[in-house]
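sequence unknown, structure follows:
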């Protein structure tokens, strides 16, 4: 795998981590209910769909080669977006 494909894969992993976090925060109220069994099933289903899409994107870009730093980039973007989103949400609710 050449350098350009690796950079594209890392960028897609990072962007997909942001998308994953955004969708997770948007669908938070739909994913969580009072019943723990339904919470587990919906979270599992949501995660399987999102990671399935992630691996399909990687398959189209680099032939399905998955390196540890792709997953690190994905989780780093998810973590950073959650931290920024929470801070922005707190500031927005304090204004309103």
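Alright, I've got the coordinates. It should be emphasised that the depicted structure is a prediction, and the values quoted were computed from it without experimental measurement. Numbers count the residues shown, from 1 in each chain.

Can you tell me the element the closest residue to residue 33 other than its chain neighbours falls in?
Leaving out its chain neighbours, the residue that sits closest to residue 33 by Cβ to Cβ, 6 or more residues apart in numbering is residue 39, at 6.2 Å. Bear in mind the C-beta positions are built from the backbone N, C-alpha and C, glycine included. Per DSSP states H and E, residue 39 falls inside helix 36-62.

and the helix or strand following that helix, which residues are buried?
Sequence-wise, the next helix or strand downstream of helix 36-62 (DSSP H and E) is helix 68-95. By neighbour count on 16 or more other Cβ atoms under 10 Å, the buried set for helix 68-95 is 70, 73, 74, 77, 78, 81.

hang on, isn't the fifth one packed against residue 23?
Looking back up the chat, that one is residue 78. No - contact criterion Cβ atoms under 8 Å: residue 78 and residue 23 do not qualify, at 10.7 Å.

now residue 32, nearest residue through space, not along the chain?
Closest to residue 32 by Cβ to Cβ, 6+ apart is residue 39, at 5.6 Å.

measure the one you found to residue 31 for me?
7 Å (Cβ to Cβ, to the nearest Å).

Looking at the two, which is more packed in?
residue 31 (17 against 13; other Cβ atoms under 10 Å).

Quick one: residues contacting that one.
24, 39, 42, 43, 46 (Cβ atoms under 8 Å, 6 or more residues apart in numbering).

least trustworthy helix or strand in the protein by mean pLDDT?
Least confident helix or strand of the chain, by mean pLDDT, DSSP states H and E, is helix 28-31 with a mean of 73.
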